[in-house]
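take this sequence and fold it.
(2 chains)
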2 protein chains.
Amino acid sequence: VSSHLEHDLDHLKQEVLAMGGQVEQSLDLACGALRQRDEQSARRAIELEGRIDRMQLEIDDACLKILALHQPVAGDLRFVTSAMKIVNDLERIGDIAVNIAERVLSLIPRKPLDEPLELDEMMRATGGMLRSALDAFVARDAGLARAVCLQDDAIDQLNRGHFEKLQERMKRDPDSVERAVGLLSISRSVERAADLATNIAEDVVFLVEALDIRHPGLELRA
Amino acid sequence: VSSHLEHDLDHLKQEVLAMGGQVEQSLDLACGALRQRDEQSARRAIELEGRIDRMQLEIDDACLKILALHQPVAGDLRFVTSAMKIVNDLERIGDIAVNIAERVLSLIPRKPLDEPLELDEMMRATGGMLRSALDAFVARDAGLARAVCLQDDAIDQLNRGHFEKLQERMKRDPDSVERAVGLLSISRSVERAADLATNIAEDVVFLVEALDIRHPGLELRA
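The predicted structure is shown next:
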């Protein structure tokens, strides 16, 4: 392995991590904005989008340059293609954070709905999944990545419980419809963010073990 | 360019197209199932998932092998990385088709809600966007791809109209809540499928013009 390639791969890792940190922050701000009914946090989440988008473009460009210049193979090649996938998923989580923040801004001026507790639990767990998936990427820790994947079902279950409660609420209280629909939209966004964190974890397993585990029953070894 | 590489790239194109065809069919079946309240179509959409997942794994694997064996550069390199991104987006559209089909199955046994017309228009337009994005990929037609990107705003607008109408309906008719929430979920899924078709079109522009147009105002030339 040329030391140039090593240097470029290390730099790439730092850039993915930096982008991951911004996305984590945006998601935390958006979720915290709902928890504390804090307009300022929601606006800060939204403001991070431009920086996250720019990071995506720059990292993707850096990946293409590494492929063209160094023509890496095996684990180094998987590292570059995994980075491209991870960055793509991170950008989508950033978009989701913006969607959540915008919804929160529309909810804040209205009387709180006594939100069901599932949503807060979903938000905390999803933030933790994202953090662990990024930690697993840095440490090339397939075990930690697999643990992230296992958490996704619990999020889906929380989401279903949340969904049922809000649906019942809307049926008995027409006045709650707009706020309940807003909260349903937020919980669906959080669920998608958890799916994307799971995708990142699956990419880490592929990076480390050269085993594609994205579809249960169809595992493929590279 | 070695004729081996040419052969492998051509084969890759055929495989992406074949997968695209399956995803188009799954989305058409899921949307048609709602239109015609046809359980059979919904089940056929769901059944396509396994094949689509397998195609994703195989194409991704083929892309890695091309990168490792032929070490393509410039346009050939962009072709391979674009194919990886497109396949990723296609698989997500396939997942969305399954989500829609499952929702349709839960709606069919119930009395129809006189669905607003926007949803049908959204479904037809999104199917057209996906078809055009794949056509643009085959023909390396950046003009057609850019035309797809321009349609996304219209979908978002239809979705907002649909959303408002269903929200009003739930407020005046508590009995409609479950069905309306189901339709809201479907329209949000369709909107996401349109976003993903737009992403595919953006990847085609990058493939053809080496210009990354994913974030307006941040265009980046490779």
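
quick one: low-confidence ranges for chain A?
Scanning chain A for pLDDT under 70 picks out A:1-2, A:115.

relative to A:L17, how far out is the residue of chain A most remote from its centre?
No residue in chain A sits farther from the centre than A:R172, which is 34.3 Å out by Cα atoms, centre = their mean. According to Cβ to Cβ, to the nearest Å, A:R172 stands 47 Å off from A:L17. (C-beta placed from N, C-alpha, C; glycine too.)

what does A:S189 give?
In terms of Cβ to Cβ, A:S189 sits 24 Å off from A:L17.

what about those two, which has more around it?
A:S189 (24 against 14; other Cβ atoms under 10 Å in any protein chain shown).

helix or strand: which one has the more buried one?
If you go by DSSP states H and E, A:S189 is part of helix A:177-209.

which neighbouring elements make contact with the helix or strand just after that helix?
Downstream of helix A:177-209, the first helix or strand assigned by DSSP H and E is strand A:211-212. Under the contact definition 3 or more Cβ pairs under 8 Å, 6 or more residues apart in numbering or on different chains; DSSP states H and E, strand A:211-212 sits against helix A:177-209, strand A:220-221, helix B:49-70.

off-centre distance for the first one?
It stands for helix A:177-209. Offset of helix A:177-209 from its chain centre (Cα atoms, centre = their mean, to the nearest Å): 6 Å.

helices and strands around it, which ones?
Judged by 3+ Cβ pairs under 8 Å, 6+ apart, the packing partners of helix A:177-209 are helix A:3-36, helix A:74-107, helix A:117-139, helix A:142-172, strand A:211-212, helix B:142-172, helix B:177-209.

again, but for the second one
Contacting strand A:220-221 under the criterion 3+ Cβ pairs under 8 Å, 6+ apart are the following elements: strand A:211-212, helix B:49-70.

and among those, the most buried is which?
Highest mean neighbour count among those (mean count of other Cβ atoms under 10 Å in any protein chain shown): helix B:49-70, with a mean of 19.

and the angle from that one to helix B:3-36?
If you take axes from the mean of the first three to the mean of the last three Cα atoms, to 10 degrees, helix B:49-70 sits at 160 degrees to helix B:3-36.

want to throw the helices and strands packed on helix A:177-209 into CSV with distance to B:D10?
Below are these laid out as CSV (distance: least, Cβ to Cβ, whole Å):
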stretch, distance to B:D10
helix A:3-36, 30
helix A:74-107, 21
helix A:117-139, 34
helix A:142-172, 35
strand A:211-212, 24
helix B:142-172, 20
helix B:177-209, 15
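
can you tell me which of those is packed in deepest?
Buried most deeply of these, by mean count of other Cβ under 10 Å, is helix B:177-209, with a mean of 24.

mind checking the helices and strands packed on strand A:220-221 for the one nearest to B:L12?
Set against B:L12 and scored by Cβ to Cβ, these come closest in helix B:49-70, at 5.9 Å.

chain B contacts on chain A?
A:50, A:53-54, A:56-58, A:60-61, A:63-64, A:67-68, A:71, A:73-74, A:77-78, A:81, A:84-85, A:88, A:163, A:167, A:170-172, A:174-175, A:177-178, A:181, A:184-185, A:188, A:212, A:214-215, A:218, A:220, A:222 (Cβ under 8 Å from any Cβ of the partner chain).

ok so, going back, I'd say the residue farthest from the centre of chain A and B:P174 touch.
Yes - here A:R172 lies in contact with B:P174, judged by Cβ atoms under 8 Å, at a distance of 7.2 Å.

which among the helices and strands packed on strand A:211-212 is found nearest to B:T198?
With Cβ to Cβ, the closest approach to B:T198 among the helices and strands packed on strand A:211-212 belongs to helix A:177-209: 16.9 Å.

next, the angle helix A:142-172 makes with that closest one.
Angle of helix A:177-209 versus helix A:142-172, following the same axes, to 10 degrees, is 170 degrees.

returning to what we had before: ok, now which ones touch the residue farthest from the centre of chain A?
Listed by Cβ atoms under 8 Å, 6 or more residues apart in numbering or on different chains, the contact set of A:R172 reads B:P174.

so how far is B:S176 from it?
Going from A:R172 to B:S176 by Cβ to Cβ gives 14 Å.

A:L9 now?
Distance from A:L9 to B:S176, by Cβ to Cβ: 55 Å.

likewise A:R169?
Distance from A:R169 to B:S176, by Cβ to Cβ: 15 Å.

what's the answer for A:R214, then?
38 Å.

ditto for A:C149
In terms of Cβ to Cβ, A:C149 sits 38 Å off from B:S176.

just how off-centre is stretch A:173-182 within its chain?
Distance of stretch A:173-182 from the chain centroid (Cα atoms, centre = their mean) equals 27 Å.

wait, stretch A:24-43
15 Å.

other residues contacting that stretch?
A:44-45, A:48-49, A:52, A:93-94, A:96-98, A:100-102, A:104-105, A:107-108, A:112, A:115, A:119-120, A:123-124, A:126-127, A:130-131, A:134, A:186, A:190, A:193.

now do stretch A:138-146
The contact list for stretch A:138-146 (Cβ under 8 Å, 6+ apart) reads A:13, A:17, A:132-133, A:135-137, A:201-202, A:204-205, A:207-209, A:213.

enumerate every residue touching A:L158.
A:E118, A:E121, A:M122, A:A125.

quick check: closest non-adjacent residue to the last one.
Translated: A:A125. Excluding its sequence neighbours, the residue lying closest to A:A125 (Cβ to Cβ, 6 or more residues apart in numbering or on different chains) is A:I155, at 6.0 Å.

now do the nearest residue to A:D203 once chain neighbours are set aside against A:H7, distance only.
Excluding the flanking residues, the one nearest A:D203 by Cβ to Cβ, 6+ apart is A:S82, at 4.6 Å. Distance from A:S82 to A:H7, counting by Cβ to Cβ: 18 Å.
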